[in-house]
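Asker: pasting the structure only:
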């Protein structure tokens, strides 16, 4: 896992979605029991990631599984990021 | 005649929106299916996926003389037409008893944009823009424009606001709090709403198409205003009568902050309430002007609700005029109410436009017995018409208009009302901020079973509100259950509402672009979000209204709550006053020149009181703090009507005299006043002078703001709550809580021993 990308995503989730930082591990299930995100939050994540990395994860075909955790989002960004 | 059978009639109409500059022009367009939707002109949408809007072509100057925010200017335009249509000449003083109740969702959003544009770009910001930003000033400004001297209220329940204001007008008339009101709504086109719905991916890529493609809304702007009047008053002045307005319904989904319940439960509940409140059967309704926004979630749930509730009605016509007017948010329900009254009067029902031949085939197949009017109008004599609105926060409102009067089904006799619970969240002095700040921590919420995944969604205002609501329910010993969830309601008063969220959202889109709004933050920019979250967290499914009307809003919430109990279905109402104190609030009050040396010290908080009718309190053996023996609001239009902060001895005296009369008590028998003084000498001296004139030199005046700061609506609620507690603890046997609002509006509530 690219820790630099993961930490940026974590920071974005804390700032944009007001998730308490201490609740958020790299493998926390974002849309499950752990954090309890919903559809509005997923839209916010798409915009947040586009702003941070210039990656349109929705347009690039991200699936539900890619939104599962910071780890899976990081992997998706890494795979689609243009250097 | 029993009070609750008092007839209310419509005697004047005013309308301005993208399909016309007056009622006749708009109705003509609607009947002929002419849309007002075009490419957005107000701002640049080139980076957005949608570019459509339904804007009014007139400039602010063409709408109203003088400098007003566009939302107010639209309201002034429609109010002028409604008054003239009702045969009332404001110049000759004929409007002096008229009250003004206006719905708005985004309030002074155009001024918010201008003000923060200047600030973000390093400027100072125009003080006139700052004064025009809050919803609190709209109704007062419209009333002052026409020298309308009755009471005012801004109903800020997002997209249900326009319908709710008409519902409130009939409650006030039936409750004897006024004979004639301008009721409706106004909202301007704004980058704030556009960016918000864009962020939620809720804008239609092209013209919206309700109950058809349902791929999103098209935003619009406008104002609709109805003159709502008691029948006796209308007859006495020889007014032309369009129709009766029978009953209304208001309910909460208690489900989600933006999405309606997919099962349509809340919508069906509000339709049922309105039909029953009107003394009708489902088969009586001839036409429904639907909420019909064009989003998949709305259209699917509304289609389901209508098909279910009206399954036995074989002759029902339905349309959504938003396909032509766009979604005008807080004005939508009022615009649709005006079109509905015209449809009823003329026997012409407007269509939903935008259906292709293929679409018509699909519609015919799915609509069953309901005639979803598409593309072409239907000419049909009808007797009963309904207009529905469903809003963010899960707020639903419905009203019924009738060609013939009907015996209302309001069987509840007038009952005594009691304060049976109190929940207080107030601030402590913070040396660094020089304000009174409340402590909010997640452990407190956890103790009430509020999960952190829910709590993180709430802005500070909503958290304050939630906490006081939970405390009040706990104190009253009320547990919300499937048995009582529909007979409990919420009424919230606020002065500044979520101004922090509004300002931050606006600043972000000024910096990042309209296409980069936050989907997470947008739902919290609506004034009724706090009430929505409270209903979601507690499961309360009854009445739900938020009033933004100056510092006195906390007391006005008690007045509105009492109306909901008397004329609605509620047995228990939570009446709150809530305002926050953030860096944004401090900046605003400092820029206005109100805080600092010699000015007010800001505070924040939320106070919720449980108001309950006698039979309910007796039934569950509730503790009774005090009895509500009288409540009144009053204002007047003398003095400098351009000054929203002017003081009026006459209005303050009138509000107090009214409650003394209602409570059958002499001024000399009043033991204590909980006043509104906040340390600003001009205000404090004015207040004390008036009390001395009414009650004599020895009246005890208690001031909460010296200990908790100027927490605005929370302060006026706190005055009420402290008085109730004093009476309960035997410190005094009666007392009056008094507060003031914008444009010389004052409210007073008399409490006596239970």
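Answerer: Thanks, I have the structure now. Bear in mind the structure is a predicted one, so any value in this text is a computation, not a measurement. Residues are numbered from 1 along each chain as shown, chains lettered A, B, ... in the order given.
Asker: Near chain A, which residues of chain B are found?
Answerer: B:199-201, B:258, B:442, B:451-454, B:456-457, B:512, B:516, B:518-520, B:523 (Cβ under 8 Å from any Cβ of the partner chain). Where C-beta positions appear, they are placed from N, C-alpha and C, glycine not excepted.
Asker: What about whichever residue of chain B sits closest to chain A, how many residues nearby?
Answerer: Nearest residue of chain B to chain A, counting by Cβ to the nearest Cβ: residue B:453, 3.0 Å away. Residue B:453 has 16 neighbouring residues, counting by other Cβ atoms under 10 Å in any protein chain shown.
Asker: do the same with residue B:349
Answerer: 26.
Asker: what kind of secondary structure is the residue lying closest to residue B:163 once chain neighbours are set aside in?
Answerer: Once flanking residues are discounted, residue B:163 sits nearest to residue B:333: 3.2 Å by Cβ to Cβ, 6 or more residues apart in numbering or on different chains. For residue B:333, the assignment made with DSSP: H, G, I helix; E, B strand; the rest coil gives helix.
Asker: list the contacts for the residue nearest the centre of chain B?
Answerer: In chain B, the residue lying closest to the centroid (Cα atoms, centre = their mean) is residue B:155, at 1.6 Å. Residues in contact with residue B:155 (Cβ atoms under 8 Å, 6 or more residues apart in numbering or on different chains) are B:101-104, B:161, B:164-165, B:168, B:185, B:330, B:545-547.
Asker: Where does the record place the domain boundaries for chain B?
Answerer: With domains defined by automatic domain parsing, chain B comprises B:8-402, B:417-752.
Asker: May I see the ones you listed organised as JSON lines, with distance to residue A:3 and mean pLDDT added?
Answerer: Converted to JSON lines, these look like this (distance: least, Cβ to Cβ, whole Å; pLDDT from 0 to 100):
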{"stretch": "domain B:8-402", "distance to residue A:3": "29", "mean pLDDT": "97"}
{"stretch": "domain B:417-752", "distance to residue A:3": "25", "mean pLDDT": "96"}
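Asker: The closest residue to chain B within chain A and residue B:455: what is the separation?
Answerer: Across chain A, no residue is closer to chain B than residue A:36, which sits at 3.0 Å (Cβ to the nearest Cβ). For residue A:36, the distance to residue B:455 equals 10 Å [Cβ to Cβ, to the nearest Å].
Asker: For the residue nearest to residue B:163, the count of nearby residues, please.
Answerer: 35.
Asker: That one touches residue B:159, doesn't it?
Answerer: Yes. In this structure residue B:333 lies within contact range of residue B:159 using Cβ atoms under 8 Å: 7.3 Å.
Asker: Name the residues contacting each of these two.
Answerer: Taking Cβ under 8 Å, 6+ apart as the criterion, residue B:333 and residue B:159 both touch residue B:389.
Asker: contacting residues around residue A:49?
Answerer: Residue A:49 makes contact with A:9, A:12, A:55, A:57, A:73, A:77, according to Cβ under 8 Å, 6+ apart.
Asker: Could you verify that it is part of a helix?
Answerer: Yes. According to three-state DSSP, residue A:49 belongs to a helix.
Asker: Would you mind measuring from it to residue A:60?
Answerer: 10 Å.
Asker: Likewise for residue B:542?
Answerer: Distance from residue B:542 to residue A:60, by Cβ to Cβ: 46 Å.
Asker: Check residue B:188 too.
Answerer: Taking Cβ to Cβ, one finds residue B:188 at 37 Å from residue A:60.
Asker: Where do the strands of the stretch 601-750 of chain B begin and end?
Answerer: For the stretch 601-750 of chain B, the strands defined by DSSP state E, counting those that start in this stretch cover B:605-613, B:626-635, B:672-675, B:700-703, B:734-740, B:745-752.
Asker: Next: the stretch 151-300 of chain B.
Answerer: Using DSSP E, counting those that start in this stretch, strands in the stretch 151-300 of chain B cover B:152-155, B:180-187, B:222-230, B:243-252, B:287-289.
Asker: ok, now which ones touch the residue of chain B closest to chain A?
Answerer: By Cβ under 8 Å, 6+ apart, the contact set of residue B:453 is A:35, A:36, A:37.
Asker: Then residue B:593?
Answerer: Taking Cβ under 8 Å, 6+ apart as the test, what residue B:593 contacts is residue B:599.
Asker: and what of residue A:73?
Answerer: Here residue A:73 is in contact with A:9, A:45, A:49, A:57, A:66, A:67 (Cβ under 8 Å, 6+ apart).
Asker: which one in these is the model shakiest on?
Answerer: Of all the contacts of residue A:73, residue A:57 carries the smallest pLDDT score, 89.
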